[in-house]
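Undergrad: Structure for this input, please:
(one chain, ligands or ions: 2)
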Amino acid sequence: MNPMPTPAKKFDLPTEVISNEPVAESHYLLRCACPEIAANALPGQFIHVLIPQDSGLLLRRPFTIYTVEGDQITMLYQLIGEGTNVLSRLKRSDSIRVLGPLGNTFEILSGPNPAIIVGGGAGIASLMLLAAALRNADVHTLGLVGSMNRARLLSVEDLKAMGVETHIATDDGSVGHHGFVTELLTHILETYELRNSIIYACGPDGMLRAVTKIGLDYQIPTQLAMENRMGCAMGVCLGCVCKVQTPGGEFEYQRVCTEGPVFSAEDIVW
Ligand SMILES: Cc1cc2nc3c(=O)[nH]c(=O)nc-3n(C[C@H](O)[C@H](O)[C@H](O)COP(=O)(O)OP(=O)(O)OC[C@H]3O[C@@H](n4cnc5c(N)ncnc54)[C@H](O)[C@@H]3O)c2cc1C
Ligand code: FES
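TA: Numbering: from 1, shown residues only. Ligands and ions are numbered 1, 2, ... in the order given. The predicted model follows:
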């Protein structure tokens, strides 16, 4: 089981913000029209967004494509630092420049059932196009959504609208399971004796390490979307590499922006 290789077509386009609204505490959803990117986007792929020139920020910021609706795409983003704070202040008709779709894609297999998607915090954003593709492929899908608390909970209604059986975990117990989303994953694997399933995950490194261990312990194929910091997103600067095990038992560094962002969990050397 290997994530799919990187498709070739990329576009670098000026566009305007259509909407940019808060959807949860410290999280926004930005919508823009990018017909070429919308027509070519695949689950797990991302865009590299040039934040307006007057911000003084030279480097673009990467965000997964959250949804594709006609010729529009959306991105769901968390406020982290300067770039995302500038983004959150953009209004309708403000200009941005978007490069994409970038990176490889999740592989959808017809055999394993159900598919289990596990998102921690804004990591759930990387799994939403995948959830839509799984629905279109008639794959029964469980969605496990982890969040710090109820106010920061993301995407639950969007997942339910797609028919995804959704389970919630919060760190403070304000809604759903009180604890980590990885505990919820183990609980569900045990309760329903799910051994012929497949896991797709995105979230903080600690969560992805724990998901990797669970996948290995239960011998369930697991694909991870990595979110390493990026410079160029074009395979040139090597700023985004992660350590990966090769078939010969050696190690090499692979670029999250081009060989990834999706990797088989068993290949990642943490
Ligand atoms: C392929 C990919 C897809 C992504 N998709 C999404 C998405 O859909 N939604 C979303 O909210 N975020 C996503 N991210 C993360 C997002 O790119 C960063 O949060 C954003 O670039 C931060 O920009 P900033 O200018 O606000 O913060 P900065 O000022 O650049 O950074 C502020 C602080 O956050 C840390 N930081 C920044 N980026 C990262 C990172 N990637 N990992 C760990 N620490 C970081 C920095 O070290 C610094 O301490 C994705 C990242 C990648 C690589
Ligand atoms: S970000 Fe430059 S090589 Fe990946």
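Undergrad: Next one: residue 78 from ligand 1, what distance?
TA: Per C-beta to the nearest ligand atom, to the nearest Å, residue 78 is found 4 Å from ligand 1. Placement of C-beta: from N, CA and C, glycine included.
Undergrad: Specify the beta-bridge partners of that residue.
TA: For residue 78, the beta-bridge partners under DSSP bridges are residue 27.
Undergrad: which residues touch it?
TA: Contacts for residue 78 (C-beta atoms under 8 Å, 6 or more residues apart in numbering) come out as 26, 27, 84, 121, 122.
Undergrad: Likewise for residue 218?
TA: Contact analysis of residue 218 by C-beta under 8 Å, 6+ apart lists 189, 195.
Undergrad: Please report the distance of it from residue 181.
TA: Noted for residue 218: a distance of 16 Å to residue 181, by C-beta to C-beta, to the nearest Å.
Undergrad: again, but for residue 258
TA: 28 Å.
Undergrad: Same question for residue 117.
TA: 11 Å.
Undergrad: repeat for residue 102
TA: Residue 102 is 26 Å from residue 181, by C-beta to C-beta.
Undergrad: Which of those two has more residues huddled nearby?
TA: Ranked by neighbour count (other C-beta atoms under 10 Å), residue 102 and residue 181 place residue 181 first, with 28 against 24.
Undergrad: I'd guessed the more buried one sits against residue 203; true?
TA: Yes - the criterion here is C-beta atoms under 8 Å, and residue 181 meets it with residue 203 at 7.4 Å.
Undergrad: what is in contact with those two at once?
TA: 118, 119, 120, 146.
Undergrad: How is the single nearest residue of the stretch 1-150 of the chain relative to ligand 2 assigned, secondary-structure-wise?
TA: Residue of the stretch 1-150 of the chain nearest ligand 2, by C-beta to the nearest ligand atom: residue 62 (8.1 Å). Secondary structure, DSSP: H, G, I helix; E, B strand; the rest coil: residue 62 is strand.
Undergrad: can you check residue 258 too?
TA: Put simply, residue 258 is coil when judged by three-state DSSP.
Undergrad: what's the neighbour count on it?
TA: Residues near residue 258, counting by other C-beta under 10 Å: 18.
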